[in-house]
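*Asks:* fold the following and give me the result.
(one chain, ligands or ions: 1)
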Amino acid sequence: MIKEQKKFFRKCDHPDCELEGEYRAPKNRNLTEYYWFCLKHVSEYNKAWNFYDGMSQEEIERENKLDETWHSPSWKFGINLENLAKEGRLDDPFEIYNTYMRRVGGAKNKTKIYGNAKSALTTKEWEALGILELQFPLTEVQLKTKYKQLVKKYHPDLNGGSKQAEEMFKKVAESYRILLKKIQKS
Ligand SMILES: [Zn+2]
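*Replies:* Numbering: from 1, shown residues only. Below is the predicted model:
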């Protein structure tokens with residue numbers, strides 16, 4: 001009997017990419033979860049991480065507030081993400097991811113309408129997608145499932161009152177509202 005050889009296909013985690021996600025990139029410093037990207041997107045993500053290397057929390061926050069203005073700092077290539085992460089030199093992975101999304105997605109594709117989104121995505125909506133780890137096309141059921149899952153994960157009571165968890169908890173709730181509005185018929 002011949003066993004069918006079916007190659008497993010993992011799509012790139014970038015919301016607007018249909019290529020295979022062959023390269024993994026850590027979502028957090030504990031290296032417990034990974035994104036999977038194609039070569040192009042893993043190197044962009046890589047650059048986004050490196051962008052924060054050596055920056056203080058204040059600088060990172062200020063950088064995150066700089067909408068659209070995408071200045072090009074002298075990025076280094078080929079940095080080892082895993083080593084950086086192990087050394088604890090990386091900060092909030094969600095902020096990193098959001099900024100990455102804003103730059104490679106939101107900024108470049110301002111007028112594109114994705115899947116069942118009612119209109120082109122705003123920066124806030126890109127961020128919401130990043131926070132909820134979702135992409136278009138998006139159903140209400142998918143959105144609600146993810147929301148419930150993350151609300152549980154970041155609930156302050158389940159995280160020993162961690163400030164960071166509380167922040168994420170709020171962001172998750174806000175992102176949920178933003179995306180629900182985006183897909184619901186008015
Ligand atoms: Zn890709």
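*Asks:* what packs against the helix or strand containing E166?
*Replies:* Secondary structure assignment for E166, by DSSP states H and E: helix 163-183. Here helix 163-183 touches helix 123-132, helix 140-154, going by 3 or more CB pairs under 8 Å, 6 or more residues apart in numbering; DSSP states H and E. From N, CA and C alone the C-beta is placed, and that goes for glycine too.
*Asks:* go with 10 Å
*Replies:* helix 93-101, helix 123-132, helix 140-154 (3 or more CB pairs under 10 Å, 6 or more residues apart in numbering; DSSP states H and E).
*Asks:* let me know the angle separating the second one from helix 163-183.
*Replies:* Computed with axes from the mean of the first three to the mean of the last three CA atoms, to 10 degrees, the direction of helix 123-132 lies at 120 degrees from that of helix 163-183.
*Asks:* what angle do helix 123-132 and helix 140-154 make?
*Replies:* Using the same axes, to 10 degrees: helix 123-132 against helix 140-154 is 60 degrees.
*Asks:* pLDDT of helix 123-132, averaged?
*Replies:* Average pLDDT, helix 123-132: 81.
*Asks:* returning to that earlier point: how about a markdown table for the helices and strands packed on helix 163-183, with mean neighbour count and distance to A117 added?
*Replies:* Output for the helices and strands packed on helix 163-183, formatted as a markdown table (neighbours: other CB atoms under 10 Å; distance: least, CB to CB, whole Å):
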| stretch | mean neighbour count | distance to A117 |
| --- | --- | --- |
| helix 93-101 | 22 | 14 |
| helix 123-132 | 22 | 8 |
| helix 140-154 | 15 | 12 |
